[in-house]
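# Fold the stuff below for me.
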Amino acid sequence: MTVRPNSTTVPTSMPAQLVWYARCPTLTAMGLLAHRGALQRAFLREPINLVSVRETSQPSVKQGYIDHSLPNLVREGDAATALWSHGLNERSRLLAVGHTWHTVLVVTSGRSHITRLSDLKGRTLALPREAGSFSPARVRALRAWETILGVAGIAAKDIEFYNIIADHPSTPFGDIARREVEAVLSGQAEAGLLFGAKGLELARAANLKIVHAFTPEDIRSDPALEGLIELRTLTVDYPFLEANQSVVARLVGLLTEASGWAQSFPKEALNHVAHEGKVEVPDAEAGYGSLLAQGASLGLEDYRLEHLRRLNIWLKARHAIAEAVNIDDWMRSDILDQALTSNGQQNLSVVA
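Numbers count the residues shown, from 1 in each chain. Here you go, the predicted structure:
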């Protein structure tokens, strides 16, 4: 279903010389395209200058990426942040949803007596809190802890959280995980969570004990582990979309090809992802398991939207986002339809 809002006045034309794009520092379709230069090549003959948010240190740009107030922004990133920002200013429109399945580690210090998940009862668990109005890391960790405690049969009243203060979420390679490691090693927290390839690297470097490793395959196959999936959303600045719909549709079309490319060229994709996450290739391979190509895919299938709706409900129950946020009102499925229709007519050598 496509719903066009009627409460926003949009200019009839808008300069499109500068287009900002942003993505998570892990596995994304945007990251795979950016590393191969496919984004720039696709619009080489047009007056469109695609610039990564990472290429600037301006605080206004960094904040505009988080709250989606940055003009001409296309963002593939954390879904919770996208839901929060839409509730804040209704500036963005949802184009597609992606799933990141990667390893989630429950870790303790080497001297800890915690050896299994049930031993977490009565313990103090690390919980990060980034600076700023919204903390994606806190949302991710809290939802993951709730999922893991549920699997272990432990009630929320039977644990305590130790707050870890970290950098602003606009810092793509912040110190959150390292501060969690320090808290666990110092005994301030008795257990912590580490995510993905970077988590594997840090756990090994700090000689941490891995109490349990939830693999990507575990997380994908077990509905009880849904809270360990990292949902991504592809969103776009609404005025830019209205003034440049064909450009946005072409960009979305390129992004939908990323998963197929990763499946056809798995070694190259793995190298790109390792570079994107600043980790070694073996850690990236272990972190994403057999689901790297699937993790790069984007769409609006029913299962994706259902996962997003459940995240929306979870966030509202914790008063983390505005009550008025509605997935159907936010979504522009016509753009993905347009992109998929035109894909068969495009020269796919751009993305190969």
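# can you give me the helices for the stretch 51-200 of the chain?
59-67, 79-89, 136-152, 176-186, 196-205 (DSSP state H, counting those that start in this stretch).
# err, the stretch 201-350 of the chain, not the other one
Under DSSP H, counting those that start in this stretch, the stretch 201-350 of the chain gives helices at 216-221, 238-243, 245-256, 258-264, 266-277, 281-288, 292-295, 302-317, 327-330, 333-343.
# Helix 196-205 and the fifth one, what's the angle between them?
This means helix 266-277. With axes from the mean of the first three to the mean of the last three Cα atoms, to 10 degrees defining the directions, helix 266-277 sits at 70 degrees from helix 196-205.
# which parts of helix 266-277 are buried?
Neighbour-count burial for helix 266-277, counted by 16 or more other Cβ atoms under 10 Å, picks out 269-270, 272-274, 276-277. For glycine as for every other residue, the C-beta is placed from the backbone atoms N, C-alpha and C.
# now for the lowest-mean-pLDDT helix or strand in the chain, which elements pack on it?
In the chain, no helix or strand scores lower on mean pLDDT, DSSP states H and E than helix 38-42, which sits at a mean of 84. Here helix 38-42 touches helix 245-256, going by 3 or more Cβ pairs under 8 Å, 6 or more residues apart in numbering; DSSP states H and E.
# tell me the angle the helix it packs on makes with helix 333-343.
Interaxial angle, helix 245-256 versus helix 333-343 (the same axes, to 10 degrees): 70 degrees.
# quick one: which of the helices of the stretch 201-350 of the chain is nearest residue 124?
helix 302-317 (23.4 Å; Cβ to Cβ).
# The residue positioned nearest the centre of the chain and residue 341: what is the separation?
In the chain, the residue lying closest to the centroid (Cα atoms, centre = their mean) is residue 78, at 3.2 Å. To residue 341, residue 78 is 29 Å away according to Cβ to Cβ, to the nearest Å.
# what do you get for residue 43?
Taken as Cβ to Cβ, the span from residue 43 to residue 341 is 20 Å.
# More neighbours: those two, which one.
More crowded of residue 43 and residue 341, by other Cβ atoms under 10 Å: residue 43, with 18 against 11.
# you'd agree that one is up against residue 33?
No: counting by Cβ atoms under 8 Å, residue 43 does not reach residue 33; the two are 11.7 Å apart.
# pretty sure the residue nearest to the centre of the chain is touching residue 136, no?
Yes: between residue 78 and residue 136 there is a contact under Cβ under 8 Å: 4.6 Å.
# before we move on, the earlier item: out of the buried residues of helix 266-277, who's nearest residue 192?
When the buried residues of helix 266-277 are ranked by distance to residue 192 (Cβ to Cβ), residue 277 comes first, at 19.0 Å.
# residues touching the closest one, list them.
Shown in contact with residue 277 (Cβ atoms under 8 Å, 6 or more residues apart in numbering): 25-27, 196-198, 284.
# out of everything not next to it in sequence, what's closest to residue 97?
Spatial nearest neighbour of residue 97, excluding adjacent residues (Cβ to Cβ, 6 or more residues apart in numbering): residue 304 at 4.0 Å.
# what residues are up against that neighbour?
Counting by Cβ under 8 Å, 6+ apart, residue 304 makes contact with 97-99.
# Kindly reformat those as a markdown table containing distance to residue 53.
Output for the contacts of residue 304, formatted as a markdown table (distance: Cβ to Cβ, whole Å):
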| residue | distance to residue 53 |
| --- | --- |
| 97 | 20 |
| 98 | 18 |
| 99 | 22 |
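# Which ones among these map onto strands?
Here DSSP state E is the test, and these give 97-99 as lying in strands.
# Filter those down to just the buried residues.
Buried, going by 16+ other Cβ under 10 Å: 97-99, out of those.
# TSV for those, including pLDDT and distance to residue 237?
Compiled in TSV, those are given as follows (pLDDT from 0 to 100; distance: Cβ to Cβ, whole Å):
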residue	pLDDT	distance to residue 237
97	98	18
98	97	19
99	97	24
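# Which one of the contacts of residue 304 is nearest to residue 57?
residue 98 (27.3 Å).
# tell me the domain ranges of this protein?
Domains of the chain are assigned by automatic domain parsing as 18-100+229-350, 104-228.
# Of the helices of the stretch 51-200 of the chain, flag the one that's most buried.
Using mean count of other Cβ atoms under 10 Å, the stretch among the helices of the stretch 51-200 of the chain with the largest mean neighbour count is helix 79-89, at a mean of 23.
# ok so, going back, mind checking how far the residue nearest to the centre of the chain is from residue 325?
Residue 78 is 15 Å from residue 325, by Cβ to Cβ.
# same deal with residue 139?
Residue 139 sits 14 Å away from residue 325, going by Cβ to Cβ.
# cool, residue 299 as well?
21 Å.
# which residues touch residue 241?
93, 248, 332, 335.
# hmm, 7 Å instead?
93, 248 (Cβ atoms under 7 Å, 6 or more residues apart in numbering).
# now swap in residue 138 and tell me
127-130.
# Out of those, which comes closest to residue 84?
Nearest member of those to residue 84, counting by Cβ to Cβ, is residue 130, at 12.5 Å.
# Next one: that closest one from residue 175, what distance?
Remark: distance between residue 130 and residue 175 (Cβ to Cβ) = 10 Å.
# Need the residues touching each of these two.
166-167.
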